[in-house]
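S.K.: whatever this is, show me its structure:
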Amino acid sequence: TQNKILRVLTEQRFQRVGGKSDVTVDVRVMSATTKDIRHEISEGRFREDLFYRLSVVPLRVPSLAERRDDIGDLVTYFTNRIADSSGLTPRTFSAEAMAVLQSMDWPGNIRQLRNVVERILILSPSDSSRPVSVDELPRESSGIPGDVGKSGSAELVGLSLRDAREQFEREYLALQITRFNGNISRTAEFIGMERSALHRKLKALGVNSNLTRQDG
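M.R.: You can find the predicted model right below:
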């Protein structure tokens with residue numbers, strides 16, 4: 001298949017199935033992929049010459065995890081669209097539920113977010129007017145960290161108060177940093193700490209420095 005596509009792009013002609021003569025074409029091709037094409041080329045699964053023929057004006061679309069600020073608007077968009085097309089009752093999301101969505105990994109990007117919203121609307125009572133809570137977010141294979149919304153008492157019962165507090169702070173700060181894309185200033189503003197104090201707290205708790213990035 002790749003050979004045929006390359007031929008069409010190179011010679012601008014092709015032969016129909018069962019045909020005997022070439023058909024001349026003058027087309028522009030737009031292509032997209034979710035795979036690492038460089039890796040596919042190195043593994044011999046994608047032709048390098050076809051890649052360079054296609055890659056005239058490459059555009060990289062950031063993953064959902066790189067634009068977490070858009071999640072709120074996307075949730076609203078998907079909620080309204082799904083409700084209109086399926087006749088389901090539209091619902092708003094609580095601030096806590098939205099914070100959890102913004103801290104998820106989203107390996108499935110936009111499609112995964114849409115599926116989460118659709119599942120919540122399908123499982124919602126028809127007369128539900130209250131905002132979606134954290135407990136309503138699907139957890140299996142969803143990327144929601146840990147048992148968000150649950151006490152985790154089984155895990156904490158063996159810890160001292162100090163260790164339990166440190167564990168909570170470590171997980172809480174890691175989630176908030178992820179939510180704000182590693183931006184220390186925005187994280188500090190949201191949780192109500194000075195930026196320098198937050199830096200010290202992160203260092204004391206041993207929060208992974210790879211989560212953070214430099215910001216003004």
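S.K.: need the contact list for K4.
M.R.: F14 (Cβ atoms under 8 Å, 6 or more residues apart in numbering). (C-beta placed from N, C-alpha, C; glycine too.)
S.K.: same question, the one 10 residues further on
M.R.: By Cβ under 8 Å, 6+ apart, the contact list for F14 reads K4, R7, V8, D22, V23, V25.
S.K.: just the buried ones from the residues you listed, in ChimeraX syntax?
M.R.: Burial among the contacts of F14 is assessed by 16 or more other Cβ atoms under 10 Å; the matching ChimeraX selection reads:
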select :8
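S.K.: give me the subset of the contacts of F14 that lies in helices.
M.R.: K4, R7, V8 (DSSP state H).
S.K.: residues near S85, how many?
M.R.: Residues lying near S85 (other Cβ atoms under 10 Å) number 9.
S.K.: can you pull up the most central residue in this protein?
M.R.: Against the mean C-alpha coordinate of the chain, by Cα atoms, centre = their mean, the closest residue is W106 at 3.0 Å.
S.K.: count of neighbours near the spatially closest residue to it that is not a sequence neighbour?
M.R.: Leaving aside its sequence neighbours, W106 sits nearest to L64 (Cβ to Cβ, 6 or more residues apart in numbering; 4.3 Å). Look at L64: counted by other Cβ under 10 Å, it has 20 neighbours.
S.K.: pull the contacting residues for L64.
M.R.: Here L64 is in contact with D70, I71, L74, W106, N109, I110, Q112, L113 (criterion: Cβ under 8 Å, 6+ apart).
S.K.: in whichever strand or helix holds the second one, what's buried?
M.R.: I71 belongs to helix 71-86 when assigned by DSSP states H and E. Taking 16+ other Cβ under 10 Å as the basis for neighbour counts, the residues of helix 71-86 that come out buried are I71, L74, V75, F78, T79, I82, A83.
S.K.: mind checking pLDDT for the third one?
M.R.: What the model reports for V75 is a pLDDT of 96.
S.K.: gap between it and R114?
M.R.: For V75, the distance to R114 equals 9 Å [Cβ to Cβ, to the nearest Å].
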